[in-house]
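[1] quick one: sequence and predicted model below, then my questions.
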Amino acid sequence: MATMLRFFTSGTKKAFAKYPMLSNSLTYCGLYAAAEVTQQLILKEQPQHTKNSTSMMEGRIDWRKVGHVALIGLVFNGPVGYTWYRLLDKWLPGTARRTIIKKMIIDQLCACPPFICAFYVGISILERKKDIYASLKEKFIPSYLVGFAFWPPAQAVNFIFIPSHLRIVYVASAGFVWANVLCFINKRVSR
């Protein structure tokens, strides 16, 4: 068992070193999919019986919705997040208190809105809604306000303790929690 764990850890480190954007994108994809599954299980949604749904843990999982959220993580959050944090570290290197505060403010003001927009508009496009901006208009403010409570402390930990090459993995892990929040808001605000 220990040998398998060392092999997995070694392989993961090599993958992140050799293919950082792809590795980060796949991490986001998996964590966002897990967040949607978590929300469906917690909220015990009952999707219409389709070939995209299956019985699981006394609930139903709408795999189409899971795929939509995963795709947003794969094609937007992973590559854009990876690029964003590399640029932010290049523009503001170091972990001095003043630098951390600048990074947190810039991240909240410049990165949070596009990520929220990508989530709601992306989901609307994938769900083939007529007005792809309706969900964003309705849910942006609640999401952004919750983001103000969630992301600054999470990013303080990120910028102080997490090495640069692991930042997006940490952010993706925090993003699992955040994706749960977005999935919850996505399901509950409009009801």
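    That came in fine, so what should we check first?
[2] what's the spacing between residue 67 and residue 41?
    Distance of residue 67 to residue 41, computed by C-beta to C-beta, to the nearest Å: 16 Å. Bear in mind the C-beta positions are built from the backbone N, C-alpha and C, glycine included.
[3] which non-adjacent residue is nearest residue 126?
    The shortest distance from residue 126 to any non-neighbouring residue, by C-beta to C-beta, 6 or more residues apart in numbering, is to residue 68 (4.2 Å).
[4] same question for residue 131.
    Among residues not flanking residue 131 along the chain, residue 124 sits closest, at 7.6 Å (C-beta to C-beta, 6+ apart).
[5] thought that neighbour was touching residue 132?
    Yes. Between residue 124 and residue 132 a contact is recorded at 4.1 Å, counting by C-beta atoms under 8 Å.
[6] compare these two (neighbour count), which wins?
    A count of neighbours by other C-beta atoms under 10 Å puts residue 124 above the other of residue 124 and residue 132, at 19 against 16.
[7] and residue 76, how many neighbours?
    20.
[8] secondary structure element for the residue nearest to residue 131?
    Per DSSP states H and E, residue 124 falls inside helix 112-126.
[9] same check on residue 36?
    helix 20-43.
[10] now do residue 85
    With elements taken from DSSP H and E, the one containing residue 85 is helix 78-91.
[11] identify all contacting residues around that helix.
    With C-beta atoms under 8 Å, 6 or more residues apart in numbering as the test, helix 78-91 has contacts from 20-21, 24-29, 103, 106-107, 111, 114-115, 118, 164, 167-168, 171-172, 175.
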